[in-house]
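Trainee: any chance you could fold what I've pasted below:
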Amino acid sequence: MSATEMPRAFPELNTLIQGRFEPSPHSAGQLFEPNSGQPLAENRGSSLEQLDRAVGAAHAAHESGEWRGLGIAGRAPLLRALAARLDELGEQIAVLDAVNSGVPISVTRLFAGSAGDTVRDVVERALALGDSRALAADGRDVRLNRVPWGATALIMPWNAPSAMAVKKLGYALAAGATVVMKPSPASPWSTVLIAQAAVAAGIPAGVVNLVLGGGEIGSALVADPRIRAISMTGSTPTGRAIAASAGANLTRLRLELGSNNPAIVRADANVVEAARVIAAGAMKLSGQWCEAPRRVIADRALLPELVEALRAELAALRIGSSLDDGTQLGPVAFRERLIQLEGQRDALEAQGAVIHREGAVPDEGWFFQPSIAVAEEIDVELEIFGPLLTVQPSDGDAHALALANAGHVGLAGYVFGGDEQAALQMGAGLIAGEVKVNGSSVLDMAADSAQSFFGLSGLGGHGDADVLDFFSGTQIVGTDRPGMPL
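Mentor: Here you go, the predicted structure:
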């Protein structure tokens, strides 16, 4: 298989405030290459003083009304210019994401290659929606206006850094919001390039700001009363901390968090096909996909055959460097992630689960051997986020649903069965915002798809209309009804 060359230099990890990049003064340790475990470059973090100025710049830009005052018709050309810049950066972003996250470059190229189109699509959606529309009011002038909340924090995850940054940024800017972006300290490079693209596209100074760092910077950002909305994708513990901090300011929240997504295999399922689809979904993004099937709940009669079929699928994976074109499963993103996964697997084994380790992984780097934990009962407190599947038996549909709806759930679910209508009916009983029957694709199932975050999986939802709606509120302005009795 061919391999992409490691970059000789990486983007400077600078802070963006009021349209100007400046050095980030704090050392934040090292950024490592997950395929080898070797250090690549020094990580950098913004200061609290820089954070204060970045939030101040976003707040002032909102208060001035310059960006929102353009209307979507005025913002559209600048957003299309941003899209064109992202087109030019596609390969560079793909390589940096593969290096930062361990996700195979064949996947990061798909994400990075579609970044420009993501922005163009939201422009068309926002133009169709408009900034304002007249309401039926017996001939009086009454209008519904869409008004951005104010300075907005965009907090990105490490597993799909550029895809999440582009989507959050594109939708926020289309809605007229001003932003402070903060990428994960584990994967900052592509977000820096996206911020550079925003400046180069001519988006006014102060509308897009960028800070870097870990928990201290993140905590101060979400607690700042000038931040009026927060869109964050990440872990449930971090989401809870953000919600607690933002509560004092009644800040609007959109939190896409974790979930141990169940995959029910009914008694009438095609076992071989179910195993193929489940394994494919579980291993996407090197197992680091928030909606991946994680807990397999199989009809007891099918369980032995299903486990063997899953083992065969995992054993056949091409495991290797995230920069190799033919790699299907790369390393996990950083050493702490590997340690936590190994600890979860060990805990399951200590609870009595039979562990199947499949495939050969390189000796160097942060590779986790794809594993299956099989037990009568599965007890996992935290979200599993990597190439580790659990499998347990069920005795009938009602039992399967009860097992599937227990614990840390709410984001996604899966049902496999020969009777499609029965599988769809079962899927409707899952506590999950999206349920796929006989499939495990990453993409939405319909153009108008909308998915709420149920249970512990977050607040808000996603779907293009949902995301655009989040960044603004609605205001009614008009001539009041004459002669009303009250």
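Trainee: so Gly359: helix, strand or coil?
Mentor: coil (DSSP: H, G, I helix; E, B strand; the rest coil).
Trainee: so how far is Ala375 from it?
Mentor: 21 Å (C-beta to C-beta, to the nearest Å). Glycine gets a C-beta too; all of them are placed from N, C-alpha and C.
Trainee: same question, Gly460
Mentor: The gap separating Gly460 from Ala375 is 34 Å, by C-beta to C-beta.
Trainee: do Pro331 as well
Mentor: Using C-beta to C-beta, Pro331 is found at 27 Å from Ala375.
Trainee: and if you look at Leu341?
Mentor: With C-beta to C-beta as the criterion, Leu341 and Ala375 are 17 Å apart.
Trainee: neighbour count winner among the two?
Mentor: Higher neighbour count among Leu341 and Ala375: Leu341, with 21 against 17, using other C-beta atoms under 10 Å.
Trainee: looks like the more buried one contacts Leu389 (just checking).
Mentor: No: here Leu341 lies out of contact with Leu389, judged by C-beta atoms under 8 Å, at a distance of 11.8 Å.
Trainee: what about Asn43, is that helix, strand or coil?
Mentor: At Asn43, secondary structure determined by three-state DSSP is strand.
Trainee: and it, how many neighbours?
Mentor: Using other C-beta under 10 Å, the number of residues around Asn43 comes to 21.
Trainee: give me the phi and psi for the residue nearest to it when sequence neighbours are not counted.
Mentor: Distances taken as C-beta to C-beta, 6 or more residues apart in numbering put Ala28 closest to Asn43, at 3.9 Å, once the chain neighbours are dropped. Backbone torsions of Ala28, given as degrees, to the nearest 10, read phi -120, psi 40.
Trainee: same thing with Val179?
Mentor: Per degrees, to the nearest 10, the backbone of Val179 is at phi -140, psi 160.
Trainee: for it, give me its contacts.
Mentor: Ala58, Ala151, Thr152, Ala153, Leu154, Lys168, Leu169, Ala172, Leu173, Val207, Val208, Asn209 (C-beta atoms under 8 Å, 6 or more residues apart in numbering).
Trainee: got it, and Pro370?
Mentor: Taking C-beta under 8 Å, 6+ apart as the test, what Pro370 contacts is Met283, Gly287, Leu314, Leu317, Ile319, Leu329, Arg357, Glu358, Gly359, Pro387, Leu388.
Trainee: quick revisit: going by distance to Glu49, which of the contacts of Val179 wins?
Mentor: For these, the residue nearest Glu49 by C-beta to C-beta is Asn209; the value is 13.7 Å.
Trainee: would you check that the residue nearest to Asn43 makes contact with Pro183?
Mentor: No: counting by C-beta under 8 Å, Pro183 is not a contact partner of Ala28; they are 11.8 Å apart.
Trainee: which residues do those two both contact?
Mentor: Common neighbours of Ala28 and Pro183, counting by C-beta under 8 Å, 6+ apart, are Leu212.
Trainee: more neighbours: which of those two?
Mentor: Using other C-beta under 10 Å, the more surrounded residue of Ala28 and Pro183 is Pro183, with 28 against 18.
Trainee: residue contacts, the spatially most central residue of the chain?
Mentor: In the chain, the C-alpha nearest the mean C-alpha coordinate belongs to Thr233, at 5.0 Å (C-alpha atoms, centre = their mean). Shown in contact with Thr233 (C-beta under 8 Å, 6+ apart): Ile155, Met156, Pro157, Met164, Lys168, Leu255, Glu256, Cys290.
Trainee: show me what the lowest-mean-pLDDT helix or strand in the chain is packed against.
Mentor: Least confident helix or strand, the chain: strand 461-462 with a mean of 88, by mean pLDDT, DSSP states H and E. Helices and strands touching strand 461-462, by 3 or more C-beta pairs under 8 Å, 6 or more residues apart in numbering; DSSP states H and E, are strand 451-452.
Trainee: so for the strand it packs on, mean pLDDT?
Mentor: Averaged across strand 451-452, pLDDT comes to 92.
Trainee: give the pairing partners of it; include direction for each.
Mentor: strand 461-462 (antiparallel) (DSSP bridges).
Trainee: so what touches the strand it pairs with?
Mentor: Contact partners of strand 461-462, identified using C-beta under 8 Å, 6+ apart, comprise Arg254, Glu256, Gly433, Ala450, Gln451, Ser452, Phe453.
Trainee: what's the first helix or strand after the host helix or strand of Ala83?
Mentor: In the assignment (DSSP states H and E), Ala83 maps to helix 71-88. Downstream of helix 71-88, the next assigned helix or strand under DSSP H and E is helix 90-101.
Trainee: and whatever helix or strand comes next after that next one, what does it pack against?
Mentor: The helix or strand immediately downstream of helix 90-101 is helix 105-113, counting by DSSP H and E. Judged by 3+ C-beta pairs under 8 Å, 6+ apart, helix 105-113 is in contact with helix 90-101, helix 161-174.
Trainee: what's the first helix or strand after helix 105-113?
Mentor: Scanning onward from helix 105-113 (DSSP H and E), the first element met is helix 115-129.
Trainee: what does the average pLDDT come to for that following helix?
Mentor: Averaged over helix 115-129, pLDDT sits at 97.
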